[in-house]
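K.L.:
Turn this into a model:
(3 chains)
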Amino acid sequence: METLEPLLAEHGFFRGLSPEAIRLFTGCAANVRIEAGEYLFREGADADRFYAIRHGQVALEVYVPGRGAVTIQTVGPGEVLGWSWLFPPYRWHFDARVTEATRALSFDAVCIRQKCETDHSLGYELMKRLARVFTERLEAARLQILDVYGRAG
Amino acid sequence: MPDIIDRAGLEELLAVLIRRGYRVIGPTVRDGAIVCRQITSIGDLPEGWTEEQEAGNYRLRRRGDTALFGYTVGPTSWKPFLFPPSARVLHADRAADGTVTVRQSDEDPPPQAFFGVRACDLAAIGIQDRVFLAGAAADPVYRGRRAAAFIVAVQCTAAGPTCFCASMGTGPRAEHGFDLALTEVVDGGGSVFVVETGSERGAEVLAGVTNRAASADEAEAARDASARAAGQMRRTLATEGLKALLEAGYEHPRWDEVAARCLACANCTMVCPTCFCSAVEERTDLTGDHAERWRRWDSCFAAGFSYIHGGSVRASTRARYRQWLTHKLATWIDQFGTAGCVGCGRCITWCPVGIDLTEEVRAIRGGS
Amino acid sequence: MAAPAELIRPAGDPRIPRPFRVVGVRRETRDTRTLEAVTADGHPMPFAPGQFAMLYAFGVGEIPISISGDPADPSVLTHTVRAVGAVSGALCRLRRGDVFWARGPYGSSWPLDEAAGRDVVVVAGGIGLAPLRPLVLALLAGRERYARAWLLYGARTPEELLYRRELERWRARLDLAVEVTVDTAGTGWRGSVGVVTTLIPRAEFDPDRTAAFVVGPEVMMRFTVAALRKRGVPTDRIFLSLERNMHCGVGLCGRCQAGPVFVCRDGPVFPYAAVERIFAVREI
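P.N.:
Have a look, this model is predicted:
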């Protein structure tokens, strides 16, 4: 069987990890392909995995009655999607709709959490990388709130 | 060696200038202040008057003698006569067929002679020359007036309480930049004037005036009088390293303190002989067929001065005072190779709450 | 400070506005129009990318607006104007055949020479694409001089994107990577959602040999510069265009000062390294 290790190693999120760490994470990974229009997950559903996007684009949406689905953010190649799997009660907060046919690595949350508990060095490395994503997303969200381009007219 | 003229000679000098077609602008008493206006005789000069000046205070006072130039500086400099507070710069007219013609306004006033320019104000004219004439786009309003202006300087023989020209290196003696320079020597009954000639044009004018050569003693006495004025100066502004200090001091707490007092009234910029900021406004008549573009003095203290859609860049008084002071004493040097302050002290005297830039600079120095 | 690649100065007296006749008006967004005009007195206005002109609406007044046309075709004067005040409103109401007046061009230009042989990253926010359009056109006209080229463009909503048809044409090219993102969108929008800075880590360029050109609201430029620096782009090869109140356009009215510089005369285009302090001080 063909291994996913090279796919992990070349993904931006995992870049620079030791072969040993790549091997451990690969043990929790599956390669998935999702068509445009499908949902990776829905608000309120079990957050039992996270995704490393390889190709395509996924929109994080929230449904606003009267306005319909509003896109909060899009996630693309080289980025990761999902962190509700980290903490109880492990439920998704948004809808993740695929807007362009997407190929991604899907990681089993229970498997990853167990490996991190067993190997805290590995866990720390993963948390550092996730924390960087969190801060970047938070910074971007703050800028979005600023509405820097100003209200037209 | 300079020449000597008496009071009658001074009247002759004024007459020669008027005969040559100059509109003579000189100091005169009006509304309780010594201001620069058109004068036609020596009788218009502020004979026997001087002023009390302090931060936020100005009062005329009798000297007890007949000195014609026994004051220092009043609220008006010569700026309004070279850079008018309001000037039409363009006009546009729509004809019956709908076509619009846009033309530059080119109305120069008759040539002006400035009678009684102090060293600080002469330096200020030199600074405005750099602002309005040195750049790629010389200002036509200023250029025409400046080229025609005849300058009679008056050397200071006493310093006012708000003067600090010695610190700025601009006075109290005017060494160049004038056509003629007078030093008034008051002795008992009347004054005599030691006259220095600074230009060819000055010499021509002086040739039409009854005069005699000054003696070595008289020339020296005139110089001594200027030196005395320098010695009297109480206010100082330490300029060494000031540019770097201000550049590093944008977040100094002193700006908050001065902003708590500053009314952002713009008086300081109006009386300043070097401030040059302006607004350009469109004015139309009721038919809508005739539009004029006017330039008027504006001030960095005005709320709308830095407005871009969405708000003002400098919304706070703190930022506006900081802009004014750092421009005068630091960024002006980047822009024009000289500081924008000549030490005339007008901004101190005419500040309604008595803010004194020499004190502000001292505070920023002390606190850094 | 890097010397501007080209400096073009007004012909004749720089203070006299010249008439231009509108030959085309394009609706960009609800409140933004692109005017195309030709000289009405035989004096077109050649310009370098990044320069601006003072536009005069008869009887209303004058405002500075960047030139948005193709520098290779000086016969057409192109401006993209957003109606935010009396003069810009009057300009946006012009129709084909109407006349407005313009004087210029003024100011510094984008130093495209700095980008020769390098990757080029153009980052625009909102109406900030308008002063960058001539740069993109010049870049494409001399495409072989540069390595990879990116246009990263962010706007508030899909409806507020400028030059949409042209963006599509640019996007179709193989020699220019175009990434567009909006702050918020409904489901009809297929592109990216997120602030423009999020596009910077995704773009493939070599920071050591990149020249970046940035225009947008000041806060957007600050964060964009931060993101570029994080990638390792040196600050003397990040160029941006500042906006300030201007009445004269020729360094005399004093209004456009930002610290030591007159934006009209020394800018509007600056290397970031030259204006870093201006960005660091509030209300300067």
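K.L.:
going forward, measure contacts between C-alpha atoms and count neighbours the same way
P.N.:
Will do.
K.L.:
residues in chain A within reach of chain C, list them.
P.N.:
Contact residues (C-alpha under 8 Å from any C-alpha of the partner chain) of chain A with chain C: A:59, A:68-75, A:77-78, A:99, A:140-141, A:143-144, A:147-150, A:152-153.
K.L.:
In strands, which of those residues appear?
P.N.:
Per DSSP state E, strands hold the following members of the residues of chain A next to chain C: A:59, A:68, A:69, A:70, A:71, A:72, A:73, A:74, A:75, A:99.
K.L.:
Can I get the buried part of those residues as one PyMOL selection?
P.N.:
Provided next is the PyMOL selection string for whichever of these are buried by 16 or more other C-alpha atoms under 10 Å in any protein chain shown:
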select buried, chain A and resi 59+69+70+71+72+73+74+75+99
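K.L.:
Next, format the ones in strands among the residues of chain A next to chain C as CSV and append pLDDT and distance to residue B:100.
P.N.:
Output for these, formatted as CSV (pLDDT from 0 to 100; distance: C-alpha to C-alpha, whole Å):
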residue, pLDDT, distance to residue B:100
A:59, 94, 54
A:68, 85, 52
A:69, 87, 53
A:70, 89, 51
A:71, 90, 51
A:72, 88, 51
A:73, 91, 52
A:74, 93, 52
A:75, 94, 55
A:99, 93, 54
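K.L.:
Just flag the most distant two among the ones in strands among the residues of chain A next to chain C.
P.N.:
A:68 and A:75 (20.0 Å; C-alpha to C-alpha).
K.L.:
Skipping its backbone neighbours, what lies nearest the residue positioned nearest the centre of chain A in space?
P.N.:
A centroid search over chain A (C-alpha atoms, centre = their mean) returns residue A:81, at 1.3 Å, as the residue closest to the centre. In space, and not counting its chain neighbours, residue A:81 is closest to residue A:51: 5.1 Å by C-alpha to C-alpha, 6 or more residues apart in numbering or on different chains.
K.L.:
Tell me the secondary structure at that neighbour.
P.N.:
strand (DSSP: H, G, I helix; E, B strand; the rest coil).
K.L.:
gap between the residue of chain B positioned farthest from its centre and chain A?
P.N.:
Note on chain B: the largest C-alpha distance from the chain mean falls to residue B:97, namely 46.9 Å (C-alpha atoms, centre = their mean). Distance from residue B:97 to chain A, counting by C-alpha to the nearest C-alpha, to the nearest Å: 34 Å.
K.L.:
same question, residue B:249
P.N.:
As judged by C-alpha to the nearest C-alpha, residue B:249 and chain A stand 29 Å apart.
K.L.:
so that residue, which of the three states?
P.N.:
Strictly by three-state DSSP, residue B:249 counts as coil.
K.L.:
For it, report the pLDDT, please.
P.N.:
Residue B:249 is assigned a predicted lDDT (pLDDT) of 93.
K.L.:
Same check on the one 4 residues further on?
P.N.:
At residue B:253, the model reports a pLDDT of 95.
K.L.:
ditto for residue C:8
P.N.:
For residue C:8, pLDDT reads 68.
K.L.:
And residue B:227, by the same measure?
P.N.:
88.
K.L.:
what helix or strand does it sit in?
P.N.:
If you go by DSSP states H and E, residue B:227 is part of helix B:216-232.
K.L.:
returning to what we had before: out of the ones in strands among the residues of chain A next to chain C, flag the one nearest to residue A:3.
P.N.:
Using C-alpha to C-alpha, those come closest to residue A:3 at residue A:75, 25.1 Å.
K.L.:
Next up, the contacts around the closest one.
P.N.:
A:53, A:57, A:58, A:59, A:60, A:81, C:192 (C-alpha atoms under 8 Å, 6 or more residues apart in numbering or on different chains).
K.L.:
Equivalent analysis for residue C:16, please.
P.N.:
B:90, B:102, B:103, B:104, C:103.
K.L.:
now do residue B:226
P.N.:
Applying C-alpha under 8 Å, 6+ apart, we find residue B:226 in contact with B:155, B:156, B:157, B:158, B:172, B:173.
K.L.:
and with 10 Å instead?
P.N.:
Residue B:226 makes contacts with B:155, B:156, B:157, B:158, B:159, B:171, B:172, B:173, B:174, B:183, B:220, B:232, as judged by C-alpha atoms under 10 Å, 6 or more residues apart in numbering or on different chains.
K.L.:
And for residue 13, the neighbour number?
P.N.:
Chain wasn't specified; assuming chain A. 19 (other C-alpha atoms under 10 Å in any protein chain shown).
K.L.:
Correction: the question concerned chain C.
P.N.:
There are 11 residues near residue C:13, going by other C-alpha under 10 Å.
K.L.:
Ok, residue A:12 next?
P.N.:
By other C-alpha under 10 Å, the residues close to residue A:12 number 16.
K.L.:
got it, and the one 4 residues further on?
P.N.:
The local packing of residue A:16 (other C-alpha under 10 Å) involves 12 other residues.
K.L.:
Could you find the closest non-adjacent residue to it?
P.N.:
Distances taken as C-alpha to C-alpha, 6+ apart place residue A:9 nearest to residue A:16, at 7.5 Å, with adjacent residues excluded.
K.L.:
helix or strand for the one you found, which one?
P.N.:
Here residue A:9 sits within helix A:5-10, counting by DSSP H and E.
K.L.:
Give me the contacts around that helix.
P.N.:
In this structure, residues lying in contact with helix A:5-10 by C-alpha under 10 Å, 6+ apart are A:14-19, A:21-27, A:29, A:31, A:52, A:54, A:78, A:104-105.
K.L.:
Could you write me a ChimeraX select line covering just the buried ones among those?
P.N.:
To isolate the buried ones among the contacts of helix A:5-10 in ChimeraX, judged by 16+ other C-alpha under 10 Å, type:
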select /A:14,21,22,23,24,25,26,27,29,52,54,78,104,105
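K.L.:
Tell me if I'm right that residue B:318 and residue B:326 touch.
P.N.:
No - under the contact definition of C-alpha atoms under 10 Å, residue B:318 does not touch residue B:326, with a separation of 11.8 Å.
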